[in-house]
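**Q** Make a model of this:
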Amino acid sequence: MAYTATQLQALQDALASGELTVEFDGKRVTYRSIAELKAAIAVVEDALAAAGEVTAPTRISYASFSKD
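**A** A predicted model of the protein is given here:
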């Protein structure tokens, strides 16, 4: 099955909001747990990466210092 970045975003949005139900293109899927939702995200990410459609997100860290 070919996944899209839009489907991945829908899964990630559901995870971020704590929802277990994802709706996309008029189809609704309810996952049994957050772990199952995370597994679905991993499957879609792997498929998109294999197809060369998604690259790893860029992570940026900023150091913060303060004088006490």
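**Q** what's the distance between the longest helix anywhere in the chain and the middle of its chain?
**A** Using DSSP state H, we find that the single longest helix of the chain is helix 34-50. Relative to its parent chain, helix 34-50 has a centroid offset of 7 Å by CA atoms, centre = their mean, to the nearest Å.
**Q** same question, stretch 2-12
**A** On the basis of CA atoms, centre = their mean, stretch 2-12 is displaced by 7 Å from the centre of the chain it belongs to.
**Q** And stretch 20-29, by the same measure?
**A** Mean-position distance between stretch 20-29 and its chain equals 14 Å (CA atoms, centre = their mean).
**Q** And it, what's buried?
**A** Within stretch 20-29, the residues scored as buried using 16 or more other CB atoms under 10 Å are Val22. (Glycine included, C-beta is placed from N, CA and C.)
**Q** first to last residue in that stretch, what's the distance?
**A** Distance between the two ends of stretch 20-29: 8 Å, counting by CA to CA, to the nearest Å.
**Q** Contacts for that stretch, please.
**A** Contacts with stretch 20-29, where a contact means CB atoms under 8 Å, 6 or more residues apart in numbering, come from Thr6, Gln7, Ala10, Leu11, Ala14, Thr30, Tyr31, Arg32, Ser33, Ile34, Leu37.
**Q** Only the buried subset of the residues you listed, as a ChimeraX command please.
**A** ChimeraX command restricting the contacts of stretch 20-29 to the buried ones, with burial defined by 16+ other CB under 10 Å:
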select :7,10,11,14,31,37
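**Q** can you list the contacts of stretch 20-29 in a markdown table and add distance to Tyr62 and secondary structure?
**A** Formatted as a markdown table, those follow (distance: CB to CB, whole Å; DSSP: H, G, I helix; E, B strand; the rest coil):
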| residue | distance to Tyr62 | secondary structure |
| --- | --- | --- |
| Thr6 | 30 | helix |
| Gln7 | 32 | helix |
| Ala10 | 30 | helix |
| Leu11 | 28 | helix |
| Ala14 | 29 | helix |
| Thr30 | 38 | strand |
| Tyr31 | 34 | coil |
| Arg32 | 38 | coil |
| Ser33 | 34 | coil |
| Ile34 | 29 | helix |
| Leu37 | 30 | helix |
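**Q** and the least confident of the contacts of stretch 20-29?
**A** Among these, Thr6 carries the lowest pLDDT, at 89.
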